[in-house]
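Participant: Could you look at this predicted model? Sequence included:
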Amino acid sequence: MADKMTTTNVEVQAPVLETEQKYVLKPKKPYIFEGKEYPEIDLSGLERLTIKDAVDAQKNLWNQQEIASAMICKTTTAFAREIAAKASGRPVEFFKLMPRGLNKQVVRLVQAHLNVEAKMENHVMFFEKPYFFHGEKYDSVDLNGLADLNSLNESAAENRLAREGFMITETSFNYLYACCLACMAAKLPEEFFTGLPLCELLKLKNAVNDGGFFE
């Protein structure tokens, strides 16, 4: 007679995912902010952020007259602070008042999240994970249409930046500008690109500014 399978109500603790742990910083001594101790800094919210969050961070820096940070962005402390604040749900002052050593860890973690390996083939950008937009699944986006854009398209993208309050200076560093050109090239809504996960940001910016389109 076959053995009968039985189940028990044993509570099994789910293992902590490595992807969650790598976004948690644990300083040697708790960080004290406004009288409260923080034994760890949880930035796992980075996984939930989108390119729009980066655009908003860039805009905030511009409005605060952080001109250099707004233009260069991903390598600056100010930009990393803005992103970390969004990821953690804490005010940006939480990161502004951090000791330099801990702040450097925050900056490195944010930059590591952005510096994913570019997956491109013949100007087709492949995503880190399947991306769902308006009920459809996308594994990649074809940006070959960038080669057919002209100066009128660039002017339209610049006008879009102006409406958002950006002063038109060096557009190659502007994340919204990259999204504008990409949506024209791929014939997809701007929201398709601003809704991409944050980790796709630099891939998109670099793809739009690929020297192969300017030969």
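Facilitator: Thanks, I have the structure now. Model, not experiment: these values are computed from the prediction. Residues are numbered from 1 along each chain as shown.
Participant: Touching, residue 190 and residue 178? I think so.
Facilitator: No: Residue 190 is not in contact with residue 178 according to CB atoms under 8 Å; the separation is 10.8 Å. (C-beta placed from N, C-alpha, C; glycine too.)
Participant: between the two, which one's more packed in?
Facilitator: residue 178 (25 against 15; other CB atoms under 10 Å).
Participant: Need phi/psi at the more buried one.
Facilitator: phi -60, psi -40 (degrees, to the nearest 10).
Participant: so what's it up against?
Facilitator: 193, 204, 205, 208, 209 (CB atoms under 8 Å, 6 or more residues apart in numbering).
Participant: what's the closest non-adjacent residue to the second one?
Facilitator: The spatial neighbour of residue 204 that comes closest, neighbours along the chain excluded (CB to CB, 6 or more residues apart in numbering), is residue 178 at 5.4 Å.
Participant: ok, so what distance separates that neighbour from residue 142?
Facilitator: Going from residue 178 to residue 142 by CB to CB, to the nearest Å gives 16 Å.
Participant: and what of residue 182?
Facilitator: Relative to residue 142, residue 182 is positioned 10 Å away (CB to CB).
Participant: neighbour count winner among those two?
Facilitator: With neighbours defined as other CB under 10 Å, residue 182 and residue 142 compare such that residue 182 has more, 26 against 14.
Participant: Look up the closest residue to residue 41, ignoring the ones flanking it.
Facilitator: residue 25 (4.2 Å).
Participant: Which strands or helices does the strand or helix carrying residue 78 pack on?
Facilitator: Secondary structure assigned from DSSP states H and E places residue 78 in helix 77-88. Helix 77-88 sits against helix 51-63, helix 67-72, helix 92-96, helix 100-114, with contacts defined as 3 or more CB pairs under 8 Å, 6 or more residues apart in numbering; DSSP states H and E.
Participant: Out of those, which is closest to residue 186?
Facilitator: Residue 186 sits nearest to helix 51-63 of all the helices and strands packed on helix 77-88, at 14.1 Å, using CB to CB.
Participant: average pLDDT for the helix holding residue 78?
Facilitator: Mean pLDDT, computed over helix 77-88, is 95.
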